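>>> sharing a model that was predicted from the sequence below.
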Amino acid sequence: MIELYYSPGAASLVVHWLLLDMGVPHRLRRLDLASQEQKRAEYLAINPRGVVPTLCVDGAPIYESGAIIMHLADAYPQAGLAPQPGTLERARYYQWIVHLANALMPPFRHWYYPTEAAGEAASEAAQRSAAAAIETEFSRIDAHLAKGGPYLLGEAPSAADFLLTMLMRWSRNLPRPATQWPHLARLAELMKARPSFRQLYAIEGLTEWS
Ligand SMILES: N[C@@H](CCC(=O)N[C@@H](CS)C(=O)NCC(=O)O)C(=O)O
């Protein structure tokens, strides 16, 4: 039994989307972040940071969205969303997922939780520097796609593109959203055309960036 602890539009989105895209049966456990359900003792027991997502596989919890999607893409190889282990393609796939998790997720955290790093007084500066870091990264990724897209690994989509698309979605209300970069916009368009994206929106009740 696969269970996903999620909140609509949050970092759990990429896991939920992949489960739908690959047709994996699962049960959803919604957490209300506004009322801090993610900080309750019973959830902290499976996710010590108190964040979403957590995926429970037969009761065993896994956290970190990048790790979860890598696991799922391997566990369901028929979906063809992860290159063969030991290949150069696979190394690049790891590279992109780890890079997105390291270089883009932290500035997004600073954008959406601007007081977390240094309090209220520094929140504007935190958002400014977060937006700048995100823009720098979007420029680098767009340049990479220009050389050999339309996906991060070239011709075929992988789980890494699902993660990138979620991050692009998070930029929709930033001063410079991802879709202002042409190759990122193309990738977003391709990923949003997948039937699972509509399904995801319907289930999570999302409307923005549809
Ligand atoms: N690196 C983590 C990020 C998880 C994360 O920060 N989730 C946010 C939502 S996008 C969250 O649960 N926030 C609630 C909180 O921090 O209390 C992952 O990718 O799983």
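Nice, I can see it.
>>> okay, CA-based contacts and neighbour counts for the rest of this
Will do.
>>> can I get stretch 97-113 in PDB, CA atoms only?
Only the C-alpha atoms of stretch 97-113 are listed here, as PDB (Å, rounded to 0.1, in the frame of the first residue of the first chain):
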ATOM      1  CA  ILE A  97      17.400  16.000  -9.600                       C
ATOM      2  CA  VAL A  98      20.100  16.800  -7.000                       C
ATOM      3  CA  HIS A  99      20.800  20.100  -8.700                       C
ATOM      4  CA  LEU A 100      17.100  21.200  -8.600                       C
ATOM      5  CA  ALA A 101      16.900  20.100  -5.000                       C
ATOM      6  CA  ASN A 102      20.000  22.000  -4.000                       C
ATOM      7  CA  ALA A 103      20.000  25.100  -6.200                       C
ATOM      8  CA  LEU A 104      16.300  25.800  -6.700                       C
ATOM      9  CA  MET A 105      14.300  24.400  -3.800                       C
ATOM     10  CA  PRO A 106      16.200  26.400  -1.000                       C
ATOM     11  CA  PRO A 107      15.600  29.800  -2.700                       C
ATOM     12  CA  PHE A 108      12.000  28.900  -3.200                       C
ATOM     13  CA  ARG A 109      11.800  28.100   0.500                       C
ATOM     14  CA  HIS A 110      13.300  31.600   1.200                       C
ATOM     15  CA  TRP A 111      10.700  33.200  -1.100                       C
ATOM     16  CA  TYR A 112       7.700  31.500   0.500                       C
ATOM     17  CA  TYR A 113       9.000  31.600   4.100                       C
END
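>>> if you count neighbours, what's buried in that stretch?
Residues Ile97, Leu100, Ala101, Leu104, Met105, Pro107, Phe108, His110, Trp111 are the ones in stretch 97-113 that count as buried (16 or more other CA atoms under 10 Å).
>>> can you redo the residues you listed as CSV with secondary structure and distance to Thr54?
Listed next are the buried residues of stretch 97-113 as CSV, based on DSSP: H, G, I helix; E, B strand; the rest coil; distance: CA to CA, whole Å:
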residue, secondary structure, distance to Thr54
Ile97, helix, 17
Leu100, helix, 19
Ala101, helix, 16
Leu104, helix, 20
Met105, helix, 16
Pro107, helix, 21
Phe108, helix, 19
His110, helix, 21
Trp111, helix, 22
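>>> nearest to Arg90 among those residues?
Ile97 (10.8 Å; CA to CA).
>>> on that earlier part again, ok, which of the buried residues of stretch 97-113 also contact the ligand?
Contacts with the ligand are made by none of the buried residues of stretch 97-113, judged by CA under 6 Å from any ligand atom.
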